[in-house]
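S.K.: Any chance you can model this:
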Amino acid sequence: MVIIYEPGSFPHYTPDGQPINGGIPQRGNISLHSLSFKQQLSNFVQSNFSGLLVLDFEDYFPRYNEFLPKVYRKQSLQWVRETHPNWTDEQVIEREAARSFDETAKPFFQLLLDEAAASFPGARVGYYHYPYCNAYTPPYLTCDKTVQNMNDEIRPWLLDRSSAFYPSLYLHLEYPIYRRWNAQMAKLREALRMKNADVPVLPYIRYRFTDVNLFLERLSLQRLLWLMKIYGAQGTVVWGAAYDLESEKSCRELQDNVNNVLGPTLKCFHDMNDSDVRRLKNKFNTLMYQRFQNDRSQLLHKHETQSGGNAQPGEKLLQNNPDKSFTTKDYDQVFIMNDMIADELNPDDCENLIDGNDFSSNFDLSTLKKEYCSYLYSEENEIRVYSIISGILDHYCGVDKV
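M.R.: Modelled structure (predicted):
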């Protein structure tokens with residue numbers, strides 16, 4: 001595997017605001033970019049290379065949107081004003097800044113994929129972090145729409161030119177469990193949405209959390225690898241940094257983690273075949289169904305109690321909303337949905353899923369959306385799901401092995 005950091009001569013700004021190679025694509029030199037990249041390939045990649053070749057440029061995406069760092073928007077506007085000194089309409093200037101940035105950024109990104117593929121036709125070439133996804137909005141199950149639109153726009157000339165995808169599945173300990181895992185599912189689903197049939201998805205993971213200096217514990221690592229298995233990732237890139245090995249103590253800590261946690265867990269999932277995955281999913285579904293049946297009884301009892309104990313099975317259960325309330329039929333439908341979600345470990349947008357199901361005619365969907373979606377994506381519920389999955393995977397891999 002070869003990772004080329006800062007490939008070519010991308011125009012960009014340093015953290016302290018100094019322009020490099022022109023600063024913005026509009027001022028960049030595409031010939032220099034090509035020459036620099038060819039020299040990097042010659043220096044770092046063997047002539048018969050056929051492994052993973054990752055291009056790591058993280059300063060900006062090739063689209064002028066809300067995720068473009070402020071300095072690039074500001075300098076693009078300045079470039080338009082210098083190029084068209086008589087223009088005074090700020091909306092026109094903004095549109096031209098966006099158009100010119102997109103138009104000039106495109107060849108800088110596209111060129112490297114084309115040249116790498118031409119030089120190493122057997123290599124799996126792609127940009128780190130692409131296709132990008134940021135699931136920032138609860139329940140953290142879908143990428144931001146602006147990002148999805150960007151992926152759709154760059155797909156024909158960037159993603160379709162990639163022979164591998166390298167999305168990032170780094171974990172933040174500060175995030176609640178449900179956010180941590182739902183966001184990783186969103187990233188994997190976006191990669192699947194964008195990929196062609198023969199393009200492998202090879203997510204980056206870290207053996208540490210990104211926000212604290214702690215190794216991933218065994219259960220977090222297992223669940224991360226399980227998500228990749230059920231979403232069809234063909235492998236993973238385990239990334240680390242030089243500062244992880246800055247002392248003898250840190251080296252020994254990493255060695256211990258590799259020997260006792262990371263290495264055995266990776267081997268367990270490497271050896272897991274499709275039949276094993278189906279068997280483990282079936283076991284998970286059985287345990288989830290048992291839990292759902294118990295939860296169903298508790299929820300029905302809760303609403304019967306709220307209605308003064310007068311509600312009978314099949315009757316309305318919410319006294320405070322007598323015309324629009326849950327019925328036993330509706331709860332049965334809810335738990336059918338639960339089984340759908342458990343079967344694929346792929347919960348889609350909760351409210352959209354509800355809209356697509358058949359509930360009783362007097363039923364207020366907004367009530368279900370509020371109560372059920374809150375229940376389904378609560379941290380308490382996610383912790384229980386997490387516990388079930390972890391128990392199954394622990395048993396499969398063998399705790400004594402890891």
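S.K.: Helix or strand: which one has residue 59?
M.R.: Residue 59 belongs to no helix or strand when elements are defined using DSSP states H and E.
S.K.: quick one, what contacts it?
M.R.: 10, 12-13, 69 (CB atoms under 8 Å, 6 or more residues apart in numbering). (Glycine included, C-beta is placed from N, CA and C.)
S.K.: Make JSON lines out of the residues you listed and add distance to residue 270, neighbour count and pLDDT.
M.R.: Formatted as JSON lines, the contacts of residue 59 follow (distance: CB to CB, whole Å; neighbours: other CB atoms under 10 Å; pLDDT from 0 to 100):
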{"residue": "10", "distance to residue 270": "35", "neighbour count": "21", "pLDDT": "99"}
{"residue": "12", "distance to residue 270": "37", "neighbour count": "22", "pLDDT": "98"}
{"residue": "13", "distance to residue 270": "41", "neighbour count": "19", "pLDDT": "98"}
{"residue": "69", "distance to residue 270": "38", "neighbour count": "12", "pLDDT": "97"}
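S.K.: With distance to residue 124 and secondary structure added, can I get those residues in JSON lines?
M.R.: What follows is the contacts of residue 59, written out as JSON lines (distance: CB to CB, whole Å; DSSP: H, G, I helix; E, B strand; the rest coil):
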{"residue": "10", "distance to residue 124": "22", "secondary structure": "coil"}
{"residue": "12", "distance to residue 124": "26", "secondary structure": "strand"}
{"residue": "13", "distance to residue 124": "31", "secondary structure": "strand"}
{"residue": "69", "distance to residue 124": "29", "secondary structure": "coil"}
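S.K.: So the chain: which segments form each domain?
M.R.: The chain resolves into domains spanning 2-274, 277-386 when parsed by automatic domain parsing.
S.K.: Of the ones you listed, which is nearest residue 397?
M.R.: Evaluated over these, closeness to residue 397 peaks at domain 2-274, with 3.9 Å, by CB to CB.
S.K.: Quick check: end-to-end length of that closest one?
M.R.: Distance between the two ends of domain 2-274: 29 Å, counting by CA to CA, to the nearest Å.
S.K.: So what's the predicted local confidence for the residue lying closest to residue 120 once chain neighbours are set aside?
M.R.: Once flanking residues are discounted, residue 120 sits nearest to residue 49: 5.1 Å by CB to CB, 6 or more residues apart in numbering. For residue 49, the model assigns a pLDDT of 97.
S.K.: Distance of residue 49 relative to residue 121?
M.R.: 10 Å (CB to CB, to the nearest Å).
S.K.: who's more crowded, those two?
M.R.: Neighbours were counted for residue 49 and for residue 121 using other CB atoms under 10 Å; residue 49 has more, 17 against 10.
S.K.: wait, what's in contact with that one?
M.R.: Counted by CB under 8 Å, 6+ apart, residue 49 has contacts 2, 120, 122-123.
S.K.: Which members of the residues you listed are the farthest-apart pair?
M.R.: Checking the contacts of residue 49 with CB to CB, the most distant pair is 2 and 122, at 12.8 Å.
S.K.: Just want to know which of the two has more residues nearby.
M.R.: For residue 2 and residue 122, the more surrounded residue by other CB under 10 Å is residue 2, and the numbers stand at 18 against 11.
S.K.: Tell me the buried residues in stretch 213-221?
M.R.: By neighbour count on 16 or more other CB atoms under 10 Å, the buried set for stretch 213-221 is 215-216, 218-221.
S.K.: Ok, stretch 140-158 next?
M.R.: So, applying 16+ other CB under 10 Å, buried residues of stretch 140-158: 140-144, 147-148, 150-151, 153-155, 158.
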